[in-house]
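> below are the sequence and a predicted model for it; my questions follow.
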Amino acid sequence: MKALKGFKDILPDEVGLWQLVEGRARDIFHRFGFEEIKVPILEKTELFARSIGEATDIVEKEMYTFSDRNGESLTMRPEGTAPVLRAFIEHALHLRRPVNRLYTVGPMFRHERPQKGRLRQFHQLSVEALGADHPRLDAEVIAMAWLLAGELGLTVSLELNSLGCLQCRPGYRQALVAFLEQRREHLCEDCQRRTESNPLRVLDCKSVHCREQVAAAPSILDGLCQGCAEHLEQVRADLDRLQIPYRLNPFMVRGLDYYTRTTFELLTDALGAQSAVGAGGRYDGLIKQLGGPDLPGIGFAMGMERLVLLLQEQQRSEAVAPQLFVACLGDAAAAYGFGLLHNCRRRGLRVVMDVQGRSLKNQMKQADRLGAGQVLIIGEDELNRGRAVLRDMQTKLEQEIGLDDDLSELLPALAAAQ
Ligand code: HAM
């Protein structure tokens with residue numbers, strides 16, 4: 001017998017990494033004042049239909065839903081936000097604290113097509129801050145996700161968007177539908193349907209044809225009302241204050257309908273198509289919509305399988321990737337570089353160079369592909385002066401260093417970059 005498709009055993013060899021991820025997450029969540037809550041895996045189907053949205057992929061085609069012995073429709077939770085909000089409302093937690101900072105860790109279930117980093121049972125670190133609508137809370141929550149990725153040593157990028165609110169989104173939606181209607185026959189079948197049911201989702205369709213079509217679509221950021229525009233500006237100012245780099249992406253719409261204003265994703269390019277390591281946003285109308293008090297909220301979830309995979313990939317590539325790529329321009333530099341290469345290797349460094357006299361641009365591409373930590377660029381002029389440029393491939397910072405047989409400047413510079 002085998003495990004179900006998309007359901008994975010986590011064997012003892014891997015458990016250590018899982019514990020590391022979870023332990024680091026708990027530590028950071030506690031530093032930010034978050035408390036753990038544990039909620040059931042099974043809930044009434046209606047909870048997810050009402051929160052995630054009837055016209056989303058999750059509710060339409062991915063939920064594990066069945067009738068129990070009493071004929072009640074139940075669903076295995078596809079995400080953590082709705083159950084946590086249900087518990088928040090049921091136990092009137094807003095009376096306990098003005099702002100409740102809650103997190104939960106555990107398995108979620110979505111009947112998706114399994115692939116690397118995408119399972120049918122997966123685990124989330126899921127976080128919700130309930131009761132405040134100040135943009136500083138958005139920046140704080142994003143900073144927490146950013147810090148977790150950073151402390152795990154993962155390289156991720158942050159994308160930010162605003163989906164507006166109930167005042168400004170309908171206007172944008174209308175403009176978008178009008179735009180999409182004109183291109184209807186060029187959209188994929190799913191997007192033709194989504195144009196009526198959930199037009200914002202067309203913006204992040206994976207089909208190349210749809211992407212081409214929507215490239216000139218009106219931007220949601222241009223349609224924000226004054227309140228939403230100011231909210232976004234303040235989130236951005238606080239992210240700048242915390243020196244957290246991000247890219248505004250007006251095409252980022254989330255797969256769940258409950259979001260208002262700020263949305264964000266932490267992305268990696270190391271996991272193929274499954275690029276989102278974590279994602280979340282604000283959902284100011286949701287608690288009320290589920291029958292609770294009219295309180296705002298914001299949160300995110302990180303996929304634990306993806307975090308563990310990234311750690312594994314990173315460990316693998318760190319063990320084999322060259323520490324240094326020597327890029328030479330011209331024959332004299334190449335001859336000098338060849339000697340330097342051997343000199344470095346004798347000292348235990350993983351170093352490679354191009355031996356085919358490629359252009360600098362191609363050598364840099366090669367270094368990037370190999371995952372080299374640093375590139376030493378030796379040109380004829382530099383060589384005559386006994387100097388070369390050392391470029392850090394991650395930070396892109398460059399410094400000039402002296403060349404000598406003892407590598408007296410190169411070795412400390414490489415050690416400092418480790
Ligand atoms: P989501 O974007 O659906 O958001 O999922 C969050 C993260 O869970 C994804 O970025 C990904 O890392 C992971 N994930 C999702 N589906 C799978 C899968 N099939 N296999 C492996 N990993 C997966 C939510 O779930 C929201 N509840 C997040 C949130 C919390 N928003 C506000 N508060």
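Yep, that arrived. Residues are numbered from 1 along each chain as shown.
> for R201, which non-adjacent residue is spatially closest?
Closest residue to R201 apart from its sequence neighbours, by CB to CB, 6 or more residues apart in numbering: R194 at 4.9 Å. For every residue, glycine as well, the C-beta is placed using N, CA and C.
> assign a three-state SS to that neighbour, would you?
Here R194 takes the helix state, with states given by DSSP: H, G, I helix; E, B strand; the rest coil.
> surely it touches V202?
Yes: using CB atoms under 8 Å, R194 makes contact with V202 at a distance of 5.2 Å.
> the more surrounded of these two?
Legend: neighbour count by other CB atoms under 10 Å for R194 and V202, higher for V202 (28 against 21).
> tell me how far that one lies from R110.
As for V202, its distance to R110 is 21 Å (criterion: CB to CB, to the nearest Å).
> now L160
Distance, L160 to R110, by CB to CB: 25 Å.
> enumerate the residues of the stretch 101-250 of the chain near the ligand.
Proximity of the stretch 101-250 of the chain to the ligand (CB under 6 Å from any ligand atom) is limited to residues 110, 112, 117-119, 122, 124, 126, 128.
> and if we set it to 8 Å?
By the criterion of CB under 8 Å from any ligand atom, the positions of the stretch 101-250 of the chain lying close to the ligand are 108, 110, 112, 114, 117-120, 122-124, 126-128.
> which two in the residues you listed are spaced the farthest apart?
Taking CB to CB, the two most distant members of those are P114 and E128; they sit 27.5 Å apart.
> out of the two, which sits in the more crowded spot?
In this view P114 and E128 are compared by other CB under 10 Å, and E128 has more residues nearby, 25 against 15.
> which strands and helices lie in contact with the host helix or strand of that one?
Secondary structure assignment for E128, by DSSP states H and E: strand 121-130. If you count contacts as 3 or more CB pairs under 8 Å, 6 or more residues apart in numbering; DSSP states H and E, strand 121-130 packs onto helix 12-31, helix 81-90, strand 100-109, helix 135-151, strand 297-303, helix 304-320.
> now with 10 Å, please.
Contacts defined by 3 or more CB pairs under 10 Å, 6 or more residues apart in numbering; DSSP states H and E place strand 121-130 against helix 12-31, helix 81-90, strand 100-109, helix 135-151, strand 276-282, helix 286-289, strand 297-303, helix 304-320.
> dump those to a markdown table, plus distance to R369 and mean pLDDT.
Below are the helices and strands packed on strand 121-130 laid out as a markdown table (distance: least, CB to CB, whole Å; pLDDT from 0 to 100):
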| stretch | distance to R369 | mean pLDDT |
| --- | --- | --- |
| helix 12-31 | 26 | 95 |
| helix 81-90 | 39 | 98 |
| strand 100-109 | 35 | 98 |
| helix 135-151 | 23 | 97 |
| strand 276-282 | 22 | 97 |
| helix 286-289 | 44 | 97 |
| strand 297-303 | 26 | 98 |
| helix 304-320 | 11 | 87 |
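> just put the ones you listed in CSV and tack on distance to L42 and mean neighbour count.
As requested, the helices and strands packed on strand 121-130 are exported to CSV (distance: least, CB to CB, whole Å; neighbours: other CB atoms under 10 Å):
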stretch, distance to L42, mean neighbour count
helix 12-31, 22, 14
helix 81-90, 9, 22
strand 100-109, 10, 20
helix 135-151, 28, 21
strand 276-282, 23, 25
helix 286-289, 20, 18
strand 297-303, 19, 25
helix 304-320, 20, 17
